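In: Turn this into a model:
(one chain, ligands or ions: 2)
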Amino acid sequence: MAVKESISTIIPCFNEEESIPLIYDELKRVLKDIKNVDYEIIFVDDGSSDHTSQIVKDLSKKDKKVKTVIFSRNFGKEAAMYAGLEKSTGDFVAILDADMQDPPELLKAMYHIIKEENVDCVALYTKSHKGYSFVRRYLTNCWYKIIESLSSSKQMPGARDFRLMKRKMVDAILSMKEYNRYLKGIYGYIGYETKWLPYDAPNRQAGKSKFNIGKLIQYGVEGIVAFSTTPLLFAAYVGLFFCIVSFLLILVIIIKTLIWGDPVSGWPSLACLVVFIGGLQLFFLGILGLYISKLYLEVKKRPIYIEKGDETNETSKSRH
Ligand code: UDP
Ligand code: MG
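Out: Residues are numbered from 1 along each chain as shown. Ligands and ions are numbered 1, 2, ... in the order given. Model (predicted):
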């Protein structure tokens, strides 16, 4: 008899105590329904301050299919997804949000497609973004336009983290050990054949979004810095442009002075220019600083996440 294939499902959770029972029940129902497939459900608790870690630990005690990773603090969704991928053992691996915005029911169709069409990954994107504020939708659209013009690694507008992929793709992702992780960019970088399916992401079923506008902007900037060095090149080009302009202006001033003498005039425009160029220099220094700060973190080679450790087995964990 052929060996049963298996699906690992990863759910990053940050203060999701209300959502976990919902997604657990639904995932169980869906995964049991997929014929001839074994499964595991991996909950990654990303340093929640509510009862999330206790709830997922209780689930793993009563259900052998449930695995848990509990972080020592909030490391972010990227770190949580990485931890889940590291712990997964399935031939196929899926990532789903805890809030039911990525309906587990769709996994059936995704598994069917990955088997029938022999693609490496089935990923979902949404065009509607309903349930998110106007500002968030506007910023997201702008961001996709910026990233498309800046980065060579392709990204699908509206792409969610919801996808089902083959083991070889997971191994490729795990081979990229960078500290500043941006998974949507990594997918584009590693290649592989991905089938994109549109769907209407429903509203969050319980709790509140964990991404406010500030966190979202930070995530967006990290995405750009992680996968494009074009801002640095842009700074260099603008710098070069101003050098040429100032050289030409100097020539004009010298010629004017030689012909008409040197009346003192035009200081307000000079003041504006000094402020403008000064501002521009600080802005580009900031861009440079961004890259250097990321480099600094990469060089330190810190772990992407730290597990809280089992309270009953604390001594063995705290030795290193
Ligand atoms: N999440 C996480 N760590 C964080 C923030 C979010 O693990 O620091 C998880 C969260 O619990 C959820 C998923 O990432 O399962 C998506 O978060 P959310 O639904 O708040 O994002 P949104 O739908 O607003 O983009
Ligand atoms: Mg959500």
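
In: The stretch 1-150 of the chain: helices as residue ranges?
Out: Counting by DSSP state H, counting those that start in this stretch, the stretch 1-150 of the chain forms helices over residues 19-33, 52-62, 77-87, 106-116, 134-150, given from the N-terminal end onward.

In: what stretches of the stretch 1-150 of the chain score poorly on pLDDT?
Out: Applying pLDDT under 70 to the stretch 1-150 of the chain flags residues 1-2, 129.

In: which parts of the chain sit against ligand 2?
Out: Contacts of the chain with ligand 2, taken as CB under 5 Å from the ion, map to Asp97, Asp99, Gln101. For every residue, glycine as well, the C-beta is placed using N, CA and C.

In: Highest neighbour count among those?
Out: Sorting the residues of the chain next to ligand 2 by how many neighbours each has (other CB atoms under 10 Å) puts Asp99 first, at 23 neighbours.

In: what separates that one from ligand 1, distance-wise?
Out: 5 Å (CB to the nearest ligand atom, to the nearest Å).

In: same deal with Val44?
Out: Where ligand 1 is concerned, Val44 sits at a distance of 7 Å (CB to the nearest ligand atom).

In: partner residues bridging that residue?
Out: Pro12, Val69 (DSSP bridges).

In: if I look at the closest residue to Thr9 other than its chain neighbours, how far off is ligand 1?
Out: In space, Thr9 comes closest to Ala94 once its chain neighbours are excluded; the distance is 4.8 Å by CB to CB, 6 or more residues apart in numbering. Here the distance between Ala94 and ligand 1 works out to 13 Å (CB to the nearest ligand atom).

In: follow-up on the earlier one: check the helices of the stretch 1-150 of the chain for me and report the most buried one.
Out: With neighbours defined as mean count of other CB atoms under 10 Å, the helices of the stretch 1-150 of the chain peak in mean count at helix 77-87, which reaches a mean of 21.

In: touching ligand 1 at all, that one?
Out: Yes - if you take CB under 6 Å from any ligand atom as the test, helix 77-87 does meet ligand 1, through Lys77, Ala80.

In: Mind jotting down where the strands sit in this protein?
Out: In order along the chain, the chain carries the following strands (DSSP state E): 5-13, 37-45, 66-70, 92-95, 121-125, 159-166, 194-198.

In: Point out the most buried one among those strands.
Out: Neighbour counts (mean count of other CB under 10 Å) averaged over each of those peak at strand 92-95, with a mean of 26.

In: who wins for proximity to Lys300 among the helices of the stretch 1-150 of the chain?
Out: helix 77-87 (15.2 Å; CB to CB).

In: Please enumerate residues in contact with that closest one?
Out: Contact partners of helix 77-87, identified using CB atoms under 8 Å, 6 or more residues apart in numbering, comprise 8, 10-14, 42, 44, 46, 67, 69, 71, 93, 95, 161, 170, 173-174, 181-183, 210, 304-305, 307.

In: about what we covered before: so the residue nearest to Thr9 touches Ile7, yeah?
Out: Yes - contact criterion CB atoms under 8 Å: Ala94 and Ile7 qualify, at 6.4 Å.

In: shared neighbours of these two, anything?
Out: Contacts common to Ala94 and Ile7, judged by CB under 8 Å, 6+ apart, are Leu107, Leu164.

In: How about the residues of the stretch 1-150 of the chain by ligand 1?
Out: 12-14, 16, 46, 74, 76-77, 80, 97-99, 101.

In: do that again at 8 Å, thanks
Out: When proximity is defined by CB under 8 Å from any ligand atom, the stretch 1-150 of the chain lies next to ligand 1 at 11-16, 19, 44, 46-47, 74-77, 79-81, 96-99, 101, 132.

In: ok now the longest helix belonging to the chain, how far from the chain's centre?
Out: Secondary structure of the chain per DSSP state H: the longest helix is helix 267-300. For helix 267-300, the distance between its averaged C-alpha position and the chain's averaged C-alpha position is 26 Å (CA atoms, centre = their mean, to the nearest Å).

In: tell me which strands and helices that helix is in contact with?
Out: helix 213-227, helix 230-260 (3 or more CB pairs under 8 Å, 6 or more residues apart in numbering; DSSP states H and E).

In: among those helices, which is the most enclosed?
Out: Using mean count of other CB under 10 Å, the stretch among those with the greatest mean number of neighbours is helix 213-227 (a mean of 16).

In: residues touching Tyr305, list them.
Out: Tyr305 makes contacts with Val69, Phe71, Phe75, Ala79, Ala80, Tyr82, Ala83, as judged by CB under 8 Å, 6+ apart.

In: And Met156, by the same measure?
Out: By CB under 8 Å, 6+ apart, the contact list for Met156 reads Ala123, Tyr125, Trp196.

In: Out of these, which is nearest to ligand 2?
Out: Of all the contacts of Met156, ligand 2 sits closest to Tyr125, with 14.6 Å by CB to the ion.
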